[in-house]
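Visitor: Sequence and computational prediction follow.
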Amino acid sequence: MKKLIVFVLIILVISWYAQNYTGFKAFDYARYYWQKIDWGFLKNIKLPNFNLKGTPAPDAEKQLNIFIRDNQFLPNKNAVKVGTKVIWYNEDNKIHTVTGENWGSGELKIGQPYSRVFDVPGTYEYYCSLHPSKKGEIIVE
């Protein structure tokens, strides 16, 4: 890899020298030919949807992400299909909980996630037990 970088740097230095001290305009030619390339073929390339960790991103039909920010659930009302995994991420600067009827996360520290799979249709209301005015709702269909 070092050899490749050194080689590219040498080519750039030679091109810069040729551009400035000879009649050969290397960068002008490169710019001219670069602009003539038809880049339309790139829109037909299908790349996998990767998240920041390099693993395939989850299917939107099977996972829902809810973020705890600015002392609220974002989004706070969602409809999902049966079997969908819901993950709450505490991205606020305080400790929060995700508490529903007969289920809950316990205290979520800053940056900590909590997940739950909803296998039974219905409406699930939840709130933060530390901040009861913060509420949300999951509608499982």
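Guide: Structure's in. What do you need? Residues are numbered from 1 along each chain as shown.
Visitor: Walk me through the domains of this structure.
Guide: Domain ranges of the chain: 2-44, 63-140, per automatic domain parsing.
Visitor: Just put those in TSV and tack on mean pLDDT and mean neighbour count.
Guide: All C-beta spots, glycine's among them, are computed from the backbone N, C-alpha and C. TSV is the format used below for those (pLDDT from 0 to 100; neighbours: other CB atoms under 10 Å):
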stretch	mean pLDDT	mean neighbour count
domain 2-44	82	10
domain 63-140	88	16
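Visitor: The longest strand seen in the chain: partners in the sheet, and parallel or antiparallel?
Guide: Ordering each strand of the chain by length in residues (DSSP state E) puts strand 131-140 first. If you go by DSSP bridges, strand 131-140 pairs up with strand 77-80 (parallel), strand 122-128 (antiparallel).
Visitor: Touching it from outside, list them.
Guide: Strand 131-140 has contacts (CB atoms under 8 Å, 6 or more residues apart in numbering) with 64, 66, 71-73, 76-82, 84, 86, 94, 96, 118, 120-128.
Visitor: next one: it to chain centre, how far?
Guide: 24 Å (CA atoms, centre = their mean, to the nearest Å).
Visitor: next one: stretch 23-37
Guide: 37 Å.
Visitor: Alpha carbons only: can I get it in CSV?
Guide: Provided in CSV are the C-alpha atoms of stretch 23-37 (Å, rounded to 0.1, in the frame of the first residue of the first chain):
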residue,chain,number,x,y,z
GLY,A,23,3.9,22.8,-22.9
PHE,A,24,2.2,19.6,-21.8
LYS,A,25,-0.9,20.4,-19.8
ALA,A,26,-1.4,17.1,-17.9
PHE,A,27,-4.1,18.4,-15.5
ASP,A,28,-6.0,20.2,-18.3
TYR,A,29,-6.1,16.9,-20.3
ALA,A,30,-7.2,14.9,-17.2
ARG,A,31,-10.0,17.4,-16.5
TYR,A,32,-11.1,17.3,-20.2
TYR,A,33,-11.3,13.5,-20.3
TRP,A,34,-12.8,13.3,-16.9
GLN,A,35,-15.7,15.5,-18.0
LYS,A,36,-16.3,13.4,-21.1
ILE,A,37,-17.0,10.2,-19.1
